[in-house]
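Asks: Would you be able to build a 3D model of this:
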Amino acid sequence: MRAVLSLGIALMASCAGRARPADLRDVRSWAIQLQRLERSASLARLERSPYDMLVIDRVHTVRGLEQYDTTSVVKRLRSTRICLAYFNVGQAENYRSYWGEDWKEPTAEAPGSPAFLLTIDPEGWAGDFPVAFWNPQWRAMLLEQIDDVVARGFDGIYCDWVLGYEFPKVVAAARQAGVEPGRAMAELLRDLRKRGRRTNPRFQVVMQNGGALFREVPKLAQWVDGYVQEPVSFAGQAGVAWDDPGGADAAIPAEGDWSTKTMLADLRFIRSKGVTTFTLDYCIDPGNAALARERARSVRALPFVTRAILDRLP
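Replies: Numbering: from 1, shown residues only. So this is what the prediction gives:
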């Protein structure tokens, strides 16, 4: 840990002199890494990387790593690039410091406690639990965390599990509560952005997945700054190691509601509304990676190709 905390002394930025993007519209490349950030070698590689935008986890919010110096790391990384904080808006994570000792994990059959904990992750990510994101207690927790994101020096947030508004068990809970889930999710993103911009007028909000929401709630294009579609061409299995073939190269159907064709159309539409667009695909095979990048660029989206585990740069 000491090596990580003294990162600023030990490292030299290889991209010194590069102009820092003013906002997402100036970004030309991007990357995301959410795990193994406590390793000094990982951070050194991130700092040397040529990307205009990096998405990283808020490591100090992980239980047991509260002393991690996120502020210093962000300051170093964002000297020549935009740095966004990973922010799960649709799921509670039991490894975060906000998880209460008296909280009860939900199961596939029954909700947990507090009442906003609805069920288990449908894709198999351990420790992640879909929530009733319209619940006042959950919303208040997220808004308070935005203050910490700003204080740590991040330029904004990268919102995961936005697509939770379509998950059947979430939809059922919303209907029972008299809530329209798509509208509630869009308004949550709006309010998170407003909270960040109280202190930082350039605070950026990027949402991952849920592209149909831009048609359901047209004002959403005014409430977020960026959109990431994941995946467009190739998917990977949850929770497998970096070199496991299951973590990449699963082809997305070419046609249908959940298809490469549909997602490219969504990206084209979203970009036409003035939102900066990105793609995230999971490939080991170089040919697949090249195809994923080509498809993204065909709709003027900025591609990033990695492995589903997201624990290092490719």
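
Asks: which residues of the protein score low on pLDDT?
Replies: Regions of the chain meeting the criterion pLDDT under 70 cover residues 1-18.

Asks: now the strands for it?
Replies: In the chain, the segments counted as strands under DSSP state E are 30-33, 53-56, 82-88, 91-93, 128-130, 156-160, 204-208, 226-229, 234-235, 250-251, 276-282, 302-306.

Asks: Do a quick rundown of the helices in the stretch 151-300 of the chain.
Replies: Taking DSSP state H, counting those that start in this stretch as the criterion, the stretch 151-300 of the chain carries its helices at 168-176, 181-197, 213-216, 220-223, 260-272, 286-298.

Asks: Please identify which of those is closest to S40.
Replies: helix 286-298 (27.7 Å; CB to CB). For every residue, glycine as well, the C-beta is placed using N, CA and C.

Asks: Report the distance from the closest one to the chain centre.
Replies: Distance, stretch centre to chain centre, for helix 286-298: 21 Å (CA atoms, centre = their mean, to the nearest Å).

Asks: Same question for stretch 65-76.
Replies: Distance, centroid of stretch 65-76 to centroid of chain: 19 Å (CA atoms, centre = their mean).

Asks: Tell me which of the helices of the stretch 151-300 of the chain approaches A241 most closely.
Replies: Across the helices of the stretch 151-300 of the chain, A241 has its closest neighbour in helix 286-298 (18.4 Å, CB to CB).

Asks: Go ahead and name everything in contact with the closest one.
Replies: When contacts are taken as CB atoms under 8 Å, 6 or more residues apart in numbering, the neighbours of helix 286-298 outside the stretch itself are 231-234, 248-249, 251, 260, 264, 267, 278-279, 281, 283, 302-303, 305.

Asks: angle of it against strand 302-306?
Replies: With axes from the mean of the first three to the mean of the last three CA atoms, to 10 degrees as the criterion, the two stretches helix 286-298 and strand 302-306 enclose an angle of 160 degrees.

Asks: buried sites along helix 286-298?
Replies: Neighbour-count burial for helix 286-298, counted by 16 or more other CB atoms under 10 Å, picks out N288, A289, L291, A292, R293, R295, A296.

Asks: what about the third one, distance to M141?
Replies: Spelled out, it's L291. Applying CB to CB, to the nearest Å, one obtains 40 Å for the distance of L291 from M141.

Asks: now F154
Replies: F154 sits 17 Å away from M141, taking CB to CB as the criterion.

Asks: Looking at those two, which is more packed in?
Replies: Under the neighbour definition other CB atoms under 10 Å, F154 and M141 were set side by side, and F154 has more, 29 against 16.

Asks: Identify the bridge partners of the residue lying closest to that one once chain neighbours are set aside.
Replies: Of all residues not flanking F154 in the chain, A85 sits nearest, at 4.3 Å (CB to CB, 6 or more residues apart in numbering). On the basis of DSSP bridges, A85 is bridged to I56, I157.
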